[in-house]
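Enquirer: Sequence first, predicted coordinates after that:
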Amino acid sequence: MPLTATQGDMERDAPFYQPVGHECDLFERAFRQRLPLLLKGPTGCGKTRFVSHMAARLGRPLFTVSCHDDLTAADLTGRYLLQGGETRWVDGPLTRAVREGGICYLDEVVEARKDVTVVLHPLTDDRRLLPLERTGELLQAPDGFMLVVSYNPGYQHILKSLKPSTRQRFVAMTFNFPPPELERDIVARESGLSREKCAALVNLAIRLREMKGQDLEEGVSTRLLVYCATLIATGMPILEATRATLVEPLTDDEDVQQGLLEAINATFG
Ligand SMILES: Nc1ncnc2c1ncn2[C@@H]1O[C@H](COP(=O)(O)OP(=O)(O)OP(=O)(O)O)[C@@H](O)[C@H]1O
Ligand SMILES: [Mg+2]
């Protein structure tokens with residue numbers, strides 16, 4: 001066994017990610033040029049999987065934070081904690097990523113409190129600095145550090161979009177559901193269900209996605225298709241599995257559910 005992992009080993013061990021376009025290339029170029037990256041796209045379309053795949057491929061540790069409206073700058077940078085009668089500084093995930101030269105991934109970044117952007121600004125321009133006021137340190141991010149943020153533009157409040165001065169600090173790309181053949185391969189690989197059956201599920205998803213907007217906030221995600229195929233692969237009847245994964249999670253509205261069920265029945269009934 002070699003002591004250090006080769007590029008081949010790292011790619012083999014990386015979580016499975018099926019590229020849809022040139023996203024791996026863009027990620028790698030941004031990483032090498034020390035540029036931060038912004039991913040936009042609907043829920044369950046592969047953003048998180050993509051980031052973990054790229055982190056493994058590039059051999060960088062990954063620090064993922066799911067942002068929420070109580071998340072403060074200190075949650076990212078760190079704080080003094082009382083430990084065994086002593087106060088000790090404990091690095092937050094962003095500070096750890098900077099110190100260790102890793103990738104910090106802030107999921108749903110628009111949810112975070114305003115003071116978070118204050119921390120991100122000096123890190124996302126060419127200074128690449130993280131000031132830690134509480135410890136008096138000023139950290140210079142090493143080459144291995146990268147900041148990746150993502151959000152879903154679909155259901156954002158107008159008040160909860162990123163300010164231009166924040167968004168214009170990132171290289172950005174939009175994710176969407178993969179083209180049918182690729183989505184079939186992803187669902188088959190993730191669930192173990194045959195490609196033929198997965199192709200039928202993907203065709204159904206395309207029909208259900210056409211109902212987005214009129215009645216539904218978001219179209220059925222690749223994630224839900226994987227759930228559906230996983231249940232069918234265990235032997236569950238298709239109509240039961242589709243109801244539990246492609247209808248119930250999408251809406252509480254009975255009329256809308258009925259519309260979805262009709263589309264499902266037309267395909268599989
Ligand atoms: N291109 C892809 N390659 C491999 N798996 C994928 C791909 N796209 C979607 N998936 C599958 O879909 C699931 C959901 O993807 P993921 O968790 O990355 O979504 P997301 O975009 O981060 O969603 P959210 O915005 O809700 O966090 C994954 O666990 C994986 O099974
Ligand atoms: Mg995610």
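Expert: Done, it's in. Ligands and ions are numbered 1, 2, ... in the order given.

Enquirer: contacts and neighbour counts: CA atoms only from here.
Expert: Noted.

Enquirer: Those residues of the stretch 1-150 of the chain touching ligand 1, which are they?
Expert: 16, 17, 18, 19, 42, 43, 44, 45, 46, 47, 48, 49 (Cα under 6 Å from any ligand atom).

Enquirer: and the second one, how many neighbours?
Expert: Think residue 17. Using other Cα atoms under 10 Å, residue 17 is surrounded by 16 other residues.

Enquirer: number of nearby residues for the nearest residue to residue 243 once chain neighbours are set aside?
Expert: Leaving aside its chain neighbours, residue 243 sits nearest to residue 261 (7.3 Å; criterion: Cα to Cα, 6 or more residues apart in numbering). The number of residues packed around residue 261, counting by other Cα under 10 Å, is 19.

Enquirer: and if you look at the one 3 residues further on?
Expert: When neighbours are counted by other Cα under 10 Å, residue 264 registers 22.

Enquirer: coming back round to it: any of the residues of the stretch 1-150 of the chain next to ligand 1 buried? List them.
Expert: Among these, those that count as buried by neighbour count (16 or more other Cα atoms under 10 Å) are 17, 18, 42, 43, 44, 45, 46, 47, 49.

Enquirer: ok so, going back, quick check, nearest of the residues of the stretch 1-150 of the chain next to ligand 1 to residue 206?
Expert: residue 45 (13.7 Å; Cα to Cα).

Enquirer: which of the residues of the stretch 1-150 of the chain next to ligand 1 sit farthest apart?
Expert: The widest separation within these, taken as Cα to Cα, falls between 16 and 42 and amounts to 19.6 Å.

Enquirer: So stretch 208-227, near ligand 1 or not?
Expert: Yes - for stretch 208-227, a contact with ligand 1 is found by Cα under 6 Å from any ligand atom, at 222, 223.

Enquirer: quick one: the strands in the chain?
Expert: 37-40, 62-66, 78-83, 86-91, 103-107, 129-132, 137-140, 146-151, 171-174 (DSSP state E).

Enquirer: List the strands paired with the fifth one, with their directions.
Expert: Strand 103-107 pairs in its sheet with strand 62-66 (parallel), strand 146-151 (parallel), by DSSP bridges.

Enquirer: and what of the third one?
Expert: Based on DSSP bridges, the pairing partners of strand 78-83 within the sheet are strand 86-91 (antiparallel).

Enquirer: again, but for the last one
Expert: Each strand pairing with strand 171-174, determined using DSSP bridges, is listed with its direction: strand 37-40 (parallel).

Enquirer: Distance from the strand it pairs with to the middle of the chain?
Expert: 9 Å (Cα atoms, centre = their mean, to the nearest Å).

Enquirer: and what of stretch 191-201?
Expert: Offset of stretch 191-201 from its chain centre (Cα atoms, centre = their mean): 24 Å.

Enquirer: Identify the residues contacting that stretch?
Expert: For stretch 191-201, contacts defined as Cα atoms under 8 Å, 6 or more residues apart in numbering pick out 180-181, 184-185, 187-188, 225-227, 229-230, 232-233.

Enquirer: Now do stretch 76-84, average pLDDT.
Expert: Stretch 76-84 carries an average pLDDT of 94.

Enquirer: mind listing what's buried in that stretch?
Expert: By 16+ other Cα under 10 Å, the buried positions in stretch 76-84 come out as 76, 77, 78, 79.

Enquirer: one step back: in helices only, show me the buried ones among the residues of the stretch 1-150 of the chain next to ligand 1.
Expert: Residues of these located in helices (DSSP state H): 47, 49.

Enquirer: shaky segments in the protein?
Expert: Along the chain, segments meeting pLDDT under 70 span 1-11, 155-160.

Enquirer: From the centroid of it, which residue is nearest?
Expert: residue 48 (2.8 Å; Cα atoms, centre = their mean).

Enquirer: separation between that residue and residue 82?
Expert: 33 Å (Cα to Cα, to the nearest Å).

Enquirer: Could you do residue 66 as well?
Expert: Per Cα to Cα, residue 66 is found 25 Å from residue 82.

Enquirer: For the residue of the stretch 101-250 of the chain found nearest ligand 1, which non-adjacent residue is spatially closest?
Expert: For the stretch 101-250 of the chain, the residue closest to ligand 1 is residue 223, as judged by Cα to the nearest ligand atom, at 3.9 Å. Leaving aside its sequence neighbours, residue 223 sits nearest to residue 44 (Cα to Cα, 6+ apart; 4.9 Å).
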